[in-house]
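mind folding the following:
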Amino acid sequence: MELTLIKKQTFDLKPYGKFSISMARNPKRHLPHIIPLDELSIDHQTSMPFTEEQEKEIIKYMKKHKTDVLTDGGYLGFYTRASGGGFGSLCHIAHPKLVAYRENEAFRQDVDER
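Numbering: from 1, shown residues only. Prediction:
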């Protein structure tokens, strides 16, 4: 039996802060805009693969807004690019700094000054 399954979901994503997800061995954890990859919770079950064109568009959008984090506007609706497969995918993420950015004005200003 041959079977092709395709996930399809529409996202209305906006930039969220000026966060940088760091893959460095010793990231500067004390900086408000740095989110170390080893502390980031990535829900791979929500992974939504995209095409090469979509990936280029997402990368361009993230670079334009100087952030690695996008939001759909939901309370915990945070997303980023993840690699894997032919091209990357969009994955739901969680980290305490993402919530702090929304709830703490001083923290938000520190992140956006970077």
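
okay, now the unreliable bits of the protein?
By pLDDT under 70, the low-scoring segments of the chain are 84-86.

just after the lengthiest helix in the chain, pick out the following helix or strand.
Using DSSP state H, we find that the single longest helix of the chain is helix 52-65. Sequence-wise, the next helix or strand beyond helix 52-65 is strand 70-71, with elements assigned using DSSP states H and E.

how far is that following strand from where the chain is centred?
Distance, stretch centre to chain centre, for strand 70-71: 6 Å (CA atoms, centre = their mean, to the nearest Å).

so which elements touch the helix or strand following that strand?
Where DSSP H and E defines the elements, the next helix or strand beyond strand 70-71 is strand 78-82. Packing partners of strand 78-82 (3 or more CB pairs under 8 Å, 6 or more residues apart in numbering; DSSP states H and E): strand 41-49, helix 52-65, strand 70-71, strand 89-94. To be clear about C-beta, it is placed using only N, CA and C from the backbone, and glycine gets the same treatment.

pick the most deeply packed of those.
Greatest average neighbour count among these goes to strand 70-71 (a mean of 22), per mean count of other CB atoms under 10 Å.

tell me the strands beside it, with direction?
strand 14-15 (antiparallel), strand 78-82 (antiparallel) (DSSP bridges).

most tightly packed of these?
Of all those, strand 78-82 has the most neighbours on average by mean count of other CB under 10 Å, namely a mean of 21.

please tell me how far the residue minimising distance to the centre of the chain sits from Lys14.
Residue closest to the average C-alpha location in the chain (CA atoms, centre = their mean): Thr80, at 2.1 Å. As for Thr80, its distance to Lys14 is 13 Å (criterion: CB to CB, to the nearest Å).

quick one on the thing from earlier: other residues contacting the longest helix of the chain?
15, 18, 50, 68, 70, 81, 86-88, 90 (CB atoms under 8 Å, 6 or more residues apart in numbering).
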